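S.K.: sequence plus the predicted model coming up.
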Amino acid sequence: MEGVDHLAHERNKSEFDVDAMKIVWAGSPHAFDVSDRISKLVASDPGFRKDNRSTLSRKELFKNTLRKAAYAWKTIVDLRLSEEEAAKLRFYVDEPAFTDLHWGMFIPAIKGQGTEEQQQKWLPLAYKMQIIGCYAQTELGHGSNVQGLETTATFDPQTDEFIIHSPTLTSSKWWPGGLGKVATHAIAYARLIVGGREHGVNGFIVQLRSLEDHSPLLGITVGDIGMKFGNGAYNTMDNGVLRFDHVRIPRNQMLMRVSQVTCEGKYKQSDVPRQLVYGTMVYVRQTIVADASCALSRAVCIATRYSAVRRQFGSQNGGPETQVIDYKTQQSRLFPLLASAYAFRFIGEWLKWLYADVTQRLQANDFSTLPEAHACTAGLKSLTTTATADGIEECRKLCGGHGYLCSSGLPELFAVYVPACTYEGDNTVLLLQVARFLMKTVSQLGSSKKPVGTIAYMTRVEHLMQCRCGVQRGFAELSVDLVEAAVAHCQLIVVSKFIEKLQQEIPGKGVKQQLEVLCNIYALFLLHKHQGDFLSTGCITPKHAALANDELRSLYSQVRPNAIALVDAFNYTDHYLGSILGCYDGNVYPKLYEAAWKDPLNESVVPDGYHQYIRPLLKQEIRTARL
Ligand SMILES: CCCCCCCCCCCCC/C=C/C(=O)SCCNC(=O)CCNC(=O)[C@H](O)C(C)(C)COP(=O)(O)OP(=O)(O)OC[C@H]1O[C@@H](n2cnc3c(N)ncnc32)[C@H](O)[C@@H]1OP(=O)(O)O
Ligand SMILES: Cc1cc2nc3c(=O)[nH]c(=O)nc-3n(C[C@H](O)[C@H](O)[C@H](O)COP(=O)(O)OP(=O)(O)OC[C@H]3O[C@@H](n4cnc5c(N)ncnc54)[C@H](O)[C@@H]3O)c2cc1C
């Protein structure tokens, strides 16, 4: 039944103002307006169609991505979209592409690590896309260990140039997105060598391809690294391999905000900390946290709508069967994910604020909050991406068999999302950074350096004061426990920032009450999941644990009538969701049926290969067949 809203009865049950919740989710009325307008613009333009990705070959898929990126750019220019609107457009086009790295890493790297002069030269070219950049840090042999990179940048005072070289196979750059087939330039990370002395890893702007015919420049070997996990999915991206054979670049193409090399061959270090060379990663980790809530909310929206449509068992007197969303077991798997989507939204918002704050301080040469910003971005990136990847897979299972169909949107979402647990820092490696920060803080307890911000609570934990002397010993031996401690620390940040959000004024009938229910679910679900730890450390009693479980059950019942409205508040178009199971009107079965017939396998009734392989089998002629 086209045009009928099969979820209308669910929408009528909701007890809060959905439009007001949409504003809370978007962050502000302005952000809602931009997001709403641009998502509809993309959804209504056939040029941004994406429902055929899983059936295209890699070459077709990639060419289609190039077309879409060019079309998106034309739309941005023709409609004179602002930077904010353009970023939203790329987001709603929803296809990983070289442009993510150009706007998301290449430009931020120049802004963060380039001098004023370098920014003036390179940024206008990059903003107009007259050059296209990528971020070439990882090598075949080293990704996590940035100090272990092998590419060299040796200063030649005779010519005032750097010689960029890949001395070994393992020094080949490997993975950078956009590098394989598109980027004209890279920020390449290499060990800086001046006058025979090494000065650590630094970034260099290196031109890779001709701006006339796109052919690789002298000394550059470059290509794509091959197919990745999943059909379609991240294969729209040209992750690349790159080797340098004594490639010469002018001296002023070393990014020189953190350290400089003069034409006489003198190395100078600014008074900014060396860690600023890692600044682009801090920036991107923060955007990844903000994106986690988008990916998780998308999966949750699909699973929630479908759970209200799907019925199994429980028919009485010939009446309808039970909606699967009414099963307590379904609720206990789904609603904590719904709560997590909201929790991650707010932690993403807070992290954006923290990042803006640290950036402002850095500009004023105040570096005091950098370690906390690094720990928060690293830890929250790890926590939210792990939970989101696991959450998407759980949503697929919550949709039963149909969740496994590409038309559910969930397999592709998982395949695109799961590398977020690895890129921008392997999640375990990042948690070890948080653990290092926590241990350093513990060792300083009782000194004049008082912990502030997200670690202020440490002074209130009696036990920590007692163990502060021994923390620098046995880090590696205790790393498994330390990683768990790092996760707990990050969860504490998420919960406390959710609670802080609720202390603000939140307009709209019933909106705050719904958020309170979700916040309680988020916190109590964690307590339930880790009750062993809480009980064994004496933080709670068995009675507390039982009470938490009772409360969770009651909270799930409170969410149930509002579940559909809570996912409607994400304001996702059917185009963005890309899921038959999650479509707004809930008209799932006719759409699934229709989609099946559009599969290329159904183009002919008798398949290609029948005469060659099936008929000889059936006729027992397999021995004489030419296979
Ligand atoms: C369709 C949607 C589009 C959305 C668009 C969004 C854009 C996003 C695009 C997403 C696409 C993703 C593309 C992926 C890109 C990449 O993956 S780029 C490569 C990323 N690589 C990594 O993340 C590598 C991870 N490794 C590291 O970060 C580091 O090497 C390390 C693990 C931190 C260790 O470094 P090392 O120098 O050995 O450090 P330590 O000795 O451990 O520490 C020294 C001190 O420095 C401090 N520190 C470390 N890192 C930072 C930092 N980033 N900032 C500030 N400080 C840092 C560390 O804490 C130590 O401090 P002290 O203890 O005080 O000494
Ligand atoms: C889709 C995708 C896109 C990417 N895009 C880019 C890009 O644009 N530019 C770029 O430069 N790079 C890019 N990368 C590379 C990415 O940043 C690295 O893969 C990532 O940093 C992890 O490093 P690694 O591959 O060396 O993992 P490894 O460090 O080799 O990890 C392997 C295992 O070892 C463990 N491990 C490693 N070190 C430690 C330790 N000290 N203690 C305990 N365990 C440890 C890890 O936890 C992991 O389980 C991309 C990667 C992917 C998958």
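M.R.: Looks like it arrived, so ask away. Ligands and ions are numbered 1, 2, ... in the order given.

S.K.: make it CA atoms for all contacts and neighbour counts henceforth
M.R.: Will do.

S.K.: how about the strands in this structure?
M.R.: 133-136, 152-156, 161-165, 173-174, 185-194, 197-207, 220-224, 240-244, 247-250, 259-261, 267-269 (DSSP state E).

S.K.: how about the residues of the stretch 401-550 of the chain by ligand 2?
M.R.: 419, 422-426, 428-429 (C-alpha under 6 Å from any ligand atom).

S.K.: now, these that are in helices?
M.R.: Here DSSP state H is the test, and these give 428-429 as lying in helices.

S.K.: so how many other residues sit close to Ala545?
M.R.: Ala545 is flanked by 18 other residues according to other C-alpha atoms under 10 Å.

S.K.: surely it touches Lys529?
M.R.: No. Ala545 is beyond contact range of Lys529, at 10.3 Å (criterion: C-alpha atoms under 8 Å).

S.K.: re earlier: just the buried ones from the residues of the stretch 401-550 of the chain next to ligand 2?
M.R.: Neighbour-count burial (16 or more other C-alpha atoms under 10 Å) applied to these gives 419, 422-426, 428-429.

S.K.: can you tell me which of those is nearest Asn520?
M.R.: Each of these was checked against Asn520 using C-alpha to C-alpha; the closest is Thr428, at 27.6 Å.

S.K.: measure the closest one to Ser35 for me?
M.R.: Look at Thr428 and Ser35: by C-alpha to C-alpha, to the nearest Å, they are 34 Å apart.

S.K.: again with Tyr355
M.R.: Tyr355 is 22 Å from Ser35, by C-alpha to C-alpha.

S.K.: Gly532 too?
M.R.: The spacing between Gly532 and Ser35, counted by C-alpha to C-alpha, is 42 Å.

S.K.: who has more neighbours out of the two?
M.R.: Higher neighbour count among Gly532 and Ser35: Ser35, with 21 against 14, using other C-alpha under 10 Å.

S.K.: tell me the contacts of the residue nearest to that one when sequence neighbours are not counted?
M.R.: Spatial nearest neighbour of Ser35, chain neighbours left out: Lys88 (6.5 Å); criterion: C-alpha to C-alpha, 6 or more residues apart in numbering. For Lys88, the contact set (C-alpha atoms under 8 Å, 6 or more residues apart in numbering) comprises 34-35, 38-39.

S.K.: repeat that for Ile131.
M.R.: Neighbours of Ile131 in contact, by C-alpha under 8 Å, 6+ apart: 125, 183-185, 211.

S.K.: and it, what's its pLDDT?
M.R.: The per-residue pLDDT reported for Ile131 equals 98.

S.K.: and it, how far is that from Leu217?
M.R.: Taking C-alpha to C-alpha, one finds Ile131 at 15 Å from Leu217.

S.K.: go ahead and confirm Lys111 touches Gln120.
M.R.: No. Using C-alpha under 8 Å, Lys111 is not in contact with Gln120; the gap is 9.7 Å.

S.K.: more neighbours, the two?
M.R.: Lys111 (19 against 13).

S.K.: which residue is the nearest non-sequential neighbour of that one?
M.R.: Gln119 (6.3 Å).
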